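Trainee: Build me a model:
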Amino acid sequence: MKLEFVALPNNVGSEIRGLDPREIRGMEEVALREAFLHNSVLLLRDAQLTPDSHLALTRILGDPEIHPMAKARPGQHPEIIEPSYPAEDSEDPDAIVGHIPWHADQTYTQRPPRGALLRAIEIPPEGGQTGFIDTAAVHEALPASMKVEIEGLELVHRLARAHRLLGLHHDDENARELADRFPDIAHPLVRVDPTSGIRSLDISPMFADAVVGWPTDRSDALLEDLRALSTQNRFVYWHDWKAGDLVIWNNYRTLHSAAGHKRRYVRTMNRTTIEGEVNGRRAA
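Mentor: Residues are numbered from 1 along each chain as shown. Alright, predicted model coming up:
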């Protein structure tokens with residue numbers, strides 16, 4: 001069956017039809033790699049993957065890596081993490097859990113991942129969507145004058161910024177340990193994909209904290225403008241999950257966000273991460 005690529009809303013990527021992700025060979029592998037390079041997001045419905053076939057599919061696109069925040073699960077593939085939430089009894093079962101602000105993955109490291117594959121195992125009957133933004137489309141939409149202004153700039157990315165936004169508090173010892181493990185990293189604001197040459201904004205709102213060498217007020221103003229522009233509705237696709245869905249995103253040109261869901265519901269996902277290239281340097 002010939003592969004069919006159907007545009008997702010706001011042209012954030014494509015749904016692939018006619019591909020069995022458990023049996024990809026020859027020209028299908030070539031087509032999948034090419035689609036991965038030239039889309040922010042790829043969607044496969046009812047993928048019917050096992051952990052083994054999920055990992056095998058990841059290897060077609062690159063080398064799987066173990067997420068730096070992964071917790072060991074004895075007897076399980078260490079490359080597969082389970083960003084999941086059990087149903088909880090509480091005084092407020094309708095409280096929202098699992099919300100994560102807009103970000104690109106691990107931009108607080110020197111080597112942010114190339115991409116990720118997220119598979120839905122069990123989903124809540126309401127809520128739990130994941131939002132996606134193509135930051136190559138955002139860069140393309142910038143006024144010419146702004147493209148000139150930001151070319152060559154670097155942003156400092158900090159894990160501590162994400163923890164502040166999420167309301168996480170650490171004692172002094174834990175804070176020092178995290179700072180030593182993940183020191184401030186500077187990345188180019190305009191990222192050029194080393195394979196495709198596509199330009200995108202490395203704006204990762206949850207981690208990007210300052211423009212290198214700029215005064216605070218000027219830096220804050222630019223970043224606020226870029227965050228507001230990047231997250232406009234015209235760029236956003238919210239994916240309503242069905243069990244078996246597989247979403248693949250190109251982390252070099254994608255922001256994503258978890259909407260969260262009610263505490264009363266179970267949400268179980270499996271995820272693999274594709275190793276990237278060194279892109280950052282320790283900030284001064």
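
Trainee: quick one: buried residues of stretch 140-150?
Mentor: Neighbour-count burial for stretch 140-150 flags 142, 150 (criterion: 16 or more other C-beta atoms under 10 Å). Placement of C-beta: from N, CA and C, glycine included.

Trainee: residues in contact with that stretch?
Mentor: For stretch 140-150, contacts defined as C-beta atoms under 8 Å, 6 or more residues apart in numbering pick out 139, 189, 190, 222, 226, 229, 235.

Trainee: where in the stretch 51-200 of the chain is pLDDT low?
Mentor: 72, 171-172, 175 (pLDDT under 70).

Trainee: so what's the closest residue to residue 95 other than its chain neighbours up against?
Mentor: Spatial nearest neighbour of residue 95, excluding adjacent residues (C-beta to C-beta, 6 or more residues apart in numbering): residue 263 at 4.8 Å. Residues near residue 263 by C-beta under 8 Å, 6+ apart: 85, 87, 88, 90, 92, 93, 94, 95, 96, 97.

Trainee: Number of residues surrounding the second one?
Mentor: Counted with other C-beta atoms under 10 Å, residues neighbouring residue 87 total 13.

Trainee: For it, give me its contacts.
Mentor: 263, 264, 265, 266.

Trainee: go again using 6 Å as the cut-off
Mentor: For residue 87, the contact set (C-beta atoms under 6 Å, 6 or more residues apart in numbering) comprises 264, 265, 266.

Trainee: Show me which of those residues are buried.
Mentor: Neighbour-count burial (16+ other C-beta under 10 Å) applied to the contacts of residue 87 gives 264, 265.

Trainee: What is the subsequent helix or strand relative to whichever helix or strand residue 200 is part of?
Mentor: Here residue 200 sits within strand 199-201, counting by DSSP states H and E. With elements assigned by DSSP H and E, the helix or strand that comes after strand 199-201 is strand 208-211.

Trainee: Does anything pack onto that next one? Which helices or strands?
Mentor: strand 154-157 (3 or more C-beta pairs under 6 Å, 6 or more residues apart in numbering; DSSP states H and E).

Trainee: in the stretch 1-150 of the chain, which spans are helices?
Mentor: Along the stretch 1-150 of the chain, the segments classed as helices by DSSP state H, counting those that start in this stretch run 27-37, 51-61, 135-141, 144-150.

Trainee: quick one, which of those is packed in tightest?
Mentor: Comparing the helices of the stretch 1-150 of the chain by mean neighbour count (mean count of other C-beta atoms under 10 Å), helix 135-141 comes out on top with a mean of 19.

Trainee: before we move on, back to that, with the contacts of residue 87 in mind, which one is nearest to residue 240?
Mentor: Looking at the contacts of residue 87 and their distance to residue 240, the nearest is residue 265, at 14.2 Å (C-beta to C-beta).
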